[in-house]
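Participant: A structural model of the following input is requested.
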Amino acid sequence: MELLCAEQPFLNYLIVTSGRPYSSLFALNFVSGLGLPEGRWAGGEIGEVVDGSVRTPDGRPLLLVHWAGMSRQMNANELPHANLWSYYRNLELGSTAAAPNSDV
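Facilitator: All right, here's what the predicted structure looks like:
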């Protein structure tokens, strides 16, 4: 299944208007203090990238980094945190063939 940017607002609408309880990892972490993994937008500060892993400034575990909102016309070198994108984009199953410290 592939979700294009047109589907995400619709899915958000369905969830919000469903009448069912919903939340986010951010809200659950804020209320509970459990230290659950979070997601961060690649356009913001995510922390230090080392060998395909992110070390966040506050030491919290990171579940995902998303590049939503970044232009598909951007060159891979222009992406924020291009080394992290490249690491997973070029990763082969069972191999660390990607060069994690390269720009792309």
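Participant: going forward, measure contacts between C-alpha atoms and count neighbours the same way
Facilitator: Will do.
Participant: so where do the strands sit in the chain?
Facilitator: 38-41, 48-50, 53-55, 62-66 (DSSP state E).
Participant: can you put those strands in CSV and add distance to W85?
Facilitator: As requested, the strands of the chain are arranged in CSV below (distance: least, CA to CA, whole Å):
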stretch, distance to W85
strand 38-41, 12
strand 48-50, 10
strand 53-55, 11
strand 62-66, 9
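Participant: as TSV, those strands with mean pLDDT and distance to H81 would be great.
Facilitator: Formatted as TSV, these follow (pLDDT from 0 to 100; distance: least, CA to CA, whole Å):
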stretch	mean pLDDT	distance to H81
strand 38-41	84	10
strand 48-50	85	8
strand 53-55	86	10
strand 62-66	85	10
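Participant: between these, which one is nearest to Q8?
Facilitator: Closest to Q8 of the strands of the chain is strand 62-66 (CA to CA; 13.5 Å).
Participant: could you dump the strands of the chain into a markdown table with distance to V31 and mean neighbour count added?
Facilitator: Converted to a markdown table, these look like this (distance: least, CA to CA, whole Å; neighbours: other CA atoms under 10 Å):
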| stretch | distance to V31 | mean neighbour count |
| --- | --- | --- |
| strand 38-41 | 14 | 15 |
| strand 48-50 | 26 | 14 |
| strand 53-55 | 23 | 16 |
| strand 62-66 | 18 | 15 |
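Participant: grab the nearest non-local neighbour of A68.
Facilitator: W41 (7.4 Å; CA to CA, 6 or more residues apart in numbering).
Participant: so what pairs up with the one you found in the strands?
Facilitator: H66 (DSSP bridges).
Participant: circling back to that earlier point, N90 is nearest to which of the strands of the chain?
Facilitator: The nearest among the strands of the chain, by CA to CA, is strand 53-55 at 14.6 Å.
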